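Colleague: Based on what follows, work out the 3D shape:
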Amino acid sequence: MKLKALLAAATAAAALTAGAAAAEQVKIGIAAEPYPPFSSLDSSGNWVGWEIEVIKAVCAAAELDCVITPVAWDGIIPSLTGQQIDAIMASMSITEERLKTIDFSDAYYNTPAVIVADKSMNIEPTPDSLAGKIVGIQASTIHQAYAQEYFKDAELKVYQTQDEANQDLFAGRIDATQADSIAMADFVNSDNGGCCEIKGAVADDPSILGRGVGAGVRKGDTELLEALNKGIAAILADGTHEKITAGYFTTSIY
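Modeller: Have a look, this model is predicted:
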């Protein structure tokens with residue numbers, strides 16, 4: 001009987017240890033939709049890209065056991081607040097509106113929002129120039145919020161992914177799109193994007209466009225927030241951030 005009791009106790013202890021180890025994993029939510037060069041699936045089905053490398057570096061520096069967890073972009077904040085994921089690192093800008101629902105780490109990159117259109121079109125990144133034009137924007141993004149506020153005289157066409165907007169721009173079904181400058185630089189340098197060019201950055205409005213991109217965590221999760229801030233500070237200080245960036249971009253994006 002004593003042997004059985006000892007075996008039962010050992011089994012229970014092992015189960016508790018395994019449960020504790022699993023609980024220590026941090027599920028980092030990324031957008032399930034590809035967003036090159038920040039995140040996309042390679043031919044083997046693995047997530048790759050600048051932001052994926054940054055996530056891994058931040059987690060390593062913070063000594064966190066992170067698991068990349070793809071989530072549909074329009075449901076990524078509900079997935080965080082609903083505890084399906086523990087943090088968001090998906091090129092999410094730090095905005096006052098989002099801060100009402102979640103907390104953010106320090107910024108780990110910051111790039112301007114730009115307008116992209118066909119090279120033949122005389123378009124400037126201003127409300128007057130875009131009046132009467134069809135402008136494609138991705139749903140649930142700072143770009144949608146900005147376009148709705150500033151491009152009231154344009155026809156806005158909303159897409160679930162930026163890639164869909166880019167495809168319609170290439171096909172001539174829209175006149176322009178607004179998105180992140182780095183992502184659009186990647187597009188205009190691609191075969192499909194050769195038709196188009198960046199027309200310039202829109203006028204900055206931090207209340208909508210935010211204060212850079214940070215990691216989102218649940219309100220009150222100060223332990224994880226502090227750990228992520230520690231990791232971000234570490235990779236900025238030791239050159240890891242710069243090294244990763246050099247593999248993708250010709251200039252700093254911090």
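
Colleague: what pLDDT, on average, does stretch 196-214 get?
Modeller: Per-residue confidence for stretch 196-214 averages out to 95 on the pLDDT scale.

Colleague: And the contacts of it?
Modeller: Stretch 196-214 has contacts (Cβ atoms under 8 Å, 6 or more residues apart in numbering) with 91-96, 98, 104-110, 112-119, 123-126, 142, 145-146, 149-150, 169-170, 176, 178, 181, 184-185, 187-188. (Each C-beta comes from the backbone N, C-alpha and C, glycine too.)

Colleague: Would you write out the ChimeraX command that picks the buried residues out of these?
Modeller: Filtering the contacts of stretch 196-214 down to the buried ones (16 or more other Cβ atoms under 10 Å) takes a single ChimeraX command:
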select :91,92,93,94,95,98,104,105,106,107,108,109,110,113,114,115,116,117,118,123,125,142,145,146,150,169,170,176,178,181,184,185,187,188
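
Colleague: Next step: the contacts of stretch 196-214 restricted to helices.
Modeller: With helices taken from DSSP state H, the overlap with these comprises 96, 98, 142, 145-146, 149-150, 169-170, 181, 184-185, 187-188.

Colleague: Dump these to a markdown table, plus pLDDT and distance to residue 39.
Modeller: A markdown table is the format used below for the ones in helices among the contacts of stretch 196-214 (pLDDT from 0 to 100; distance: Cβ to Cβ, whole Å):
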| residue | pLDDT | distance to residue 39 |
| --- | --- | --- |
| 96 | 93 | 25 |
| 98 | 96 | 19 |
| 142 | 96 | 17 |
| 145 | 97 | 22 |
| 146 | 98 | 22 |
| 149 | 98 | 27 |
| 150 | 98 | 28 |
| 169 | 98 | 21 |
| 170 | 96 | 21 |
| 181 | 93 | 17 |
| 184 | 94 | 16 |
| 185 | 91 | 16 |
| 187 | 93 | 15 |
| 188 | 95 | 19 |
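
Colleague: Having no further points to raise, I will conclude here.
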